[in-house]
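Visitor: Return atomic coordinates for the entry below.
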Amino acid sequence: KQNGQESGTTGQSKRLEAIQIKLTGDVANYYDVYYRTHVQQLGWLGWAKNGESSGSSGYSYRMEGIEIVLVKKGGSAPGSTSNCYKAKQIKYQTHVQTYGWQGEVYDGALSGTSGQSKRLESIKINLGETGYSGGIQYRTHVQTYGW
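Guide: As a prediction, this is how the structure comes out:
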């Protein structure tokens with residue numbers, strides 16, 4: 001969308017989760033557009049610019065606020081530009097002795113158990129939003145069967 005057009009929905013109770021903003025035409029030669037979002041559970045994220053993603057995806061977190069500024073081309077960002085977008089990058093699910101399949105977890109979270117002496121019996125791994133093409137391969141060494 002552009003120049004005051006609505007992007008998103010009204011009357012449908014659907015949340016905005018992320019945004020990308022960029023300047024077009026001659027103004028893009030003279031200014032950078034910086035923006036940051038306040039996201040549920042994450043707070044204020046870093047400043048994104050010129051079409052970069054700001055917000056989150058895969059978490060079902062709503063954007064709760066946004067700040068947008070124009071900065072002369074080559075000028076300094078209004079603040080930190082790190083951590084402007086949060087996306088789930090890898091998800092995995094394990095089958096645990098006695099319990100069966102556990103729910104999917106993401107990005108370093110524990111799948112399985114700790115301190116219960118229960119073995120992992122199987123695993124499923126998928127890539128989330130990495131920004132690159134490709135997939136993931138994995139193999140397991142199984143008791144009696146080997147690799």
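Visitor: Now do the residue nearest to His141 when sequence neighbours are not counted against Gly51, distance only.
Guide: Using Cβ to Cβ, 6 or more residues apart in numbering and skipping the chain neighbours, the partner closest in space to His141 is Trp147 (5.3 Å). (Glycine included, C-beta is placed from N, CA and C.) To Gly51, Trp147 is 44 Å away according to Cβ to Cβ, to the nearest Å.
Visitor: of those two, who's got more company?
Guide: Gly51 (10 against 6; other Cβ atoms under 10 Å).
Visitor: for that one, phi and psi?
Guide: Per-residue torsions, Gly51: phi 100, psi 0 (degrees, to the nearest 10).
Visitor: Tell me the spacing between it and Val33.
Guide: Between Gly51 and Val33 the computed distance is 9 Å (Cβ to Cβ).
Visitor: Over to Gly65?
Guide: Distance, Gly65 to Val33, by Cβ to Cβ: 17 Å.
Visitor: Give me the more crowded residue out of those two.
Guide: Each of Gly65 and Val33 has its neighbours counted (other Cβ under 10 Å); Val33 has more, 17 against 10.
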